[in-house]
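1. Fold the following for me, if possible:
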Amino acid sequence: MSIETARAYLKKWNRDGDIRELKVSTATVALAAEALGVAAGRIAKSISLYVKGGGAMLLTTSGDTRLDNRRFKDQFGFSPKMLSAEDVLRRTGHSVGGVCPFGLPKDVAVYLDESLKRFETIFPACGNSNAMIELTPDELNQYAQSRGWVSVCKLAEDDAA
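-> The predicted model follows:
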């Protein structure tokens, strides 16, 4: 899967033409925020995680947050462990830096963190390291066909406190 997969997937909602392909990398939150001229929080980063039993899930959260291990374990019943780069590609079809919640294999559950709801619009990746789309949180929820909103992250600035 790649940008072509994301584009084909988003065509269901006539949003395939809204994907932005930039001339610079958006593979990290910092690069994406700089390229788009927006706050890091508006970048919707997708974290690929192993699930109990060997599967995979995707957690999409605001770019200015960090996973809170305790909240995650309370929500899902197991400790979070990120997929290796090889498993990210194998299980999601997207390479690290372009992972998005669109067009994933059906066995990859998508959850959205409540932190995204702070913004009117957000920018998830679209299958490669320089493609994004601007969506409302409700649109992201619909298009990602998420299994729901969760609160498993905290603002990165809270770590400094």
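2. residue contacts, Ala8?
-> Asp16, Gly103 (CB atoms under 8 Å, 6 or more residues apart in numbering). Heads up, the C-betas are built off the backbone N, CA and C, glycines and all.
3. In a helix, it, correct?
-> Yes: the assignment for Ala8 is a helix, going by DSSP: H, G, I helix; E, B strand; the rest coil.
4. Please report how far it lies from Ser2.
-> Applying CB to CB, to the nearest Å, the value for Ala8 to Ser2 is 10 Å.
5. Excluding sequence neighbours, find me the nearest residue to Glu114.
-> Ser151 (4.5 Å; CB to CB, 6 or more residues apart in numbering).
6. neighbours of that neighbour, just the number please.
-> 14 (other CB atoms under 10 Å).
7. Quick check, it in contact with Asp113.
-> Yes: under the criterion of CB atoms under 8 Å, Ser151 makes contact with Asp113 at 6.7 Å.
8. Against Glu120, how distant is Arg42?
-> Relative to Glu120, and taking CB to CB, Arg42 is found at 9 Å.
9. Looking at those two, which has the bigger crowd around it?
-> Set Arg42 next to Glu120 and count neighbours by other CB under 10 Å: Arg42 wins out with 21 against 9.
10. Against Lys73, how distant is the more buried one?
-> Shown here: Arg42 relative to Lys73, a distance of 28 Å by CB to CB.
11. what's the answer for Ile3, then?
-> Distance, Ile3 to Lys73, by CB to CB: 34 Å.
12. and those two? which has more neighbours close in?
-> Neighbours per residue (other CB under 10 Å) separate Ile3 from Lys73, with Ile3 holding more: 19 against 13.
13. for the more buried one, what are its contacts?
-> Neighbour list for Ile3: Ile19, Glu21, Gly98, Cys126, Gly127, Asn128, Ala131 [criterion: CB under 8 Å, 6+ apart].
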